[in-house]
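Asker: Please work out how this folds:
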Amino acid sequence: MEQDSLSPHAESDMSTNFESLFSPYFSLQMGSFDNLKLVVALLTLKQQNFDTYELTLPNQKQPFYAVKWLSYWINCGQVNQYNVSLQLFDGSVVNDQVAFATANATLISVPIMNMQQVEFMCLEHAHFDHC
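Answerer: Residues are numbered from 1 along each chain as shown. Presented below is the predicted three-dimensional model:
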């Protein structure tokens with residue numbers, strides 16, 4: 001039986017999992033909270049476990065939205081930031097996972113959208129980006 005590439009047992013190649021799930025959305029530049037809603041919708045659709053946070057790292061003043069998926073963090077952008085793409089956190093963004101443990105983290109609730117709502121949201125952003 002073939003194992004689902006997004007299962008919790010397949011953490012070894014996280015960037016490939018991230019790219020396979022989110023690559024259709026890489027070209028979108030949306031607001032940070034819309035990125036957060038997008039990630040939540042896709043992970044819910046794939047029946048993945050995740051948590052959503054507003055984080056402020058000790059050395060930064062501006063909080064950002066992030067999703068903890070498996071043992072990794074997806075950066076959705078700084079709070080109130082517009083025209084930002086999804087990305088995985090890496091060593092250039094934060095020094096190590098200890099920074100997350102000491103961060104001022106607030107678990108937040110995000111509305112779960114269905115894929116039709118996600119498509120509309122993405123089309124709306126694509127339209128207004130060109131106006």
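
Asker: what about this structure, any weak spots by pLDDT?
Answerer: Scanning the chain for pLDDT under 70 picks out 1-16, 90-103, 125-131.

Asker: any idea where the strands of it begin and end?
Answerer: Using DSSP state E, the strands of the chain run over residues 50-56, 64-69, 72-78, 87-88, 104-107.

Asker: can you pull the contacts of the residue nearest the centre of the chain?
Answerer: In the chain, the C-alpha nearest the mean C-alpha coordinate belongs to residue 74, at 4.0 Å (Cα atoms, centre = their mean). When contacts are counted by Cβ atoms under 8 Å, 6 or more residues apart in numbering, residue 74 touches 18, 39, 66-67, 86-89. Just so you know, the C-beta spots here come from the backbone N, C-alpha and C atoms, and that holds for glycine as well.

Asker: one more time with 10 Å
Answerer: Contact partners of residue 74, counting by Cβ atoms under 10 Å, 6 or more residues apart in numbering, are 14, 18, 22, 35-36, 39, 43, 50, 52, 65-68, 86-89.

Asker: Any of those residues buried? List them.
Answerer: Among the contacts of residue 74, the ones that count as buried by 16 or more other Cβ atoms under 10 Å are 18, 22, 35-36, 39, 43, 50, 52, 65-68, 86-89.
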